[in-house]
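# below are the sequence and a predicted model; questions follow.
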Amino acid sequence: LKFTNLNYQGIELNTTDVSAKASIHLDLWSAEAGKVKFFLVSNNGTVSENGIILDVTAGSWNSFDIDLDAFSGVDLANVFQMKFDSQDAVIGSTDGLSTFYMDNLYFSNNTPTVGTPPLNITFESNDSVGFITAFEGATGEVVSASSSAALSSDAGAVTKGTTSQPWGGATFVNLNGSGELISDGSELVSMKVFSPQDAVKVALKLEDSTDATKFVLLEATTESNNGAVAWETLEWDFSNAQNLDHSINYDKASVFFDYLEPQTGETYYFDDVTFNGYVA
């Protein structure tokens, strides 16, 4: 199917239930590089739509398996339209594609290659992924908001007590081979931290759950002047990690507070960990 001088174009379907599918596949070809936003539209009495911007490389077929979770708010049991839109105001830039070819459009259970939402670890009751398992003498647990004045929601807590090694920490997510925490080109991880001390090193380790020798580790440091009375957000960009190898499935994460320093007996809280490059 060829699109020419596109601003937006819809495709009408018989109302279709795709809620049991994982992704939607399509191939795009354009003589020029650019963007187009692809939408799904549902009608269950209320019309809802959501879309994802696709980056198209020039001169070759671009294959996309879009995670259906990218279309939040759309009733996947009642999809009746698809839409392509290249208007500047919709894609947020001036490189929208007006002429391109589309082929092989179908819903499937292919593993998504784009559109998977970030993995968020919140430690709330509806968080089925986050947990705390401490090691090397540290202790840890998921604590409720009522357990400390520092907390407004449930969070992870790690204490480096008197028996803790300097490298004591806690594992808080293990996908056990069912996904990857970072992906090529999307290696940023963020975490909210509450530290009783300023200028504390916090290390984050990602590893292959089947082989502990395959890992990457980066450090971040809490602020030096926040008076240790406020939450702050730390980030680790694993594209800068030594020995990063995307042939390894990094599906397990551990955190180390006051990394490689002697134990102090302090308790550190962390919450809202976001893996932007998560792939299911």
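Received, thanks. Residues are numbered from 1 along each chain as shown.
# where does the stretch 51-200 of the chain dip in pLDDT?
Applying pLDDT under 70 to the stretch 51-200 of the chain flags no residue at all.
# from V129, how far off is the residue nearest the centre of the chain?
Among the residues of the chain, the one closest to the centroid is P118, at 2.1 Å (Cα atoms, centre = their mean). Using Cβ to Cβ, to the nearest Å, P118 is found at 12 Å from V129. In this view, the C-beta of every residue, glycine as well, is placed from N, C-alpha and C.
# please apply the same query to A58.
39 Å.
# now S30: closest residue in space, sequence neighbours ignored.
F100 (3.9 Å; Cβ to Cβ, 6 or more residues apart in numbering).
# what's the burial count for the one you found?
Neighbour count of F100, defined by other Cβ atoms under 10 Å: 22.
# when you give positions from now on, start the count at 14
Fine by me, first position is 14 from now on; the one you just mentioned is F113.
# any idea how many residues pack against D197?
D197, neighbours per other Cβ under 10 Å, totals 12.
# and the residue nearest to it when sequence neighbours are not counted, how many residues sit next to it?
In space, and not counting its chain neighbours, D197 is closest to H259: 4.6 Å by Cβ to Cβ, 6+ apart. A count of nearby residues for H259, using other Cβ under 10 Å, gives 13.
# go through stretch 174-193 and flag the buried ones.
By neighbour count on 16 or more other Cβ atoms under 10 Å, the buried set for stretch 174-193 is S177, G181, G182, A183, T184, F185, V186, N187, L188, G192, E193.
# just the residues you listed now: which is nearest V171?
Proximity of these to V171 (Cβ to Cβ) peaks at A183, which lies at 4.8 Å.
# what bridges to the closest one?
A147, V268 (DSSP bridges).
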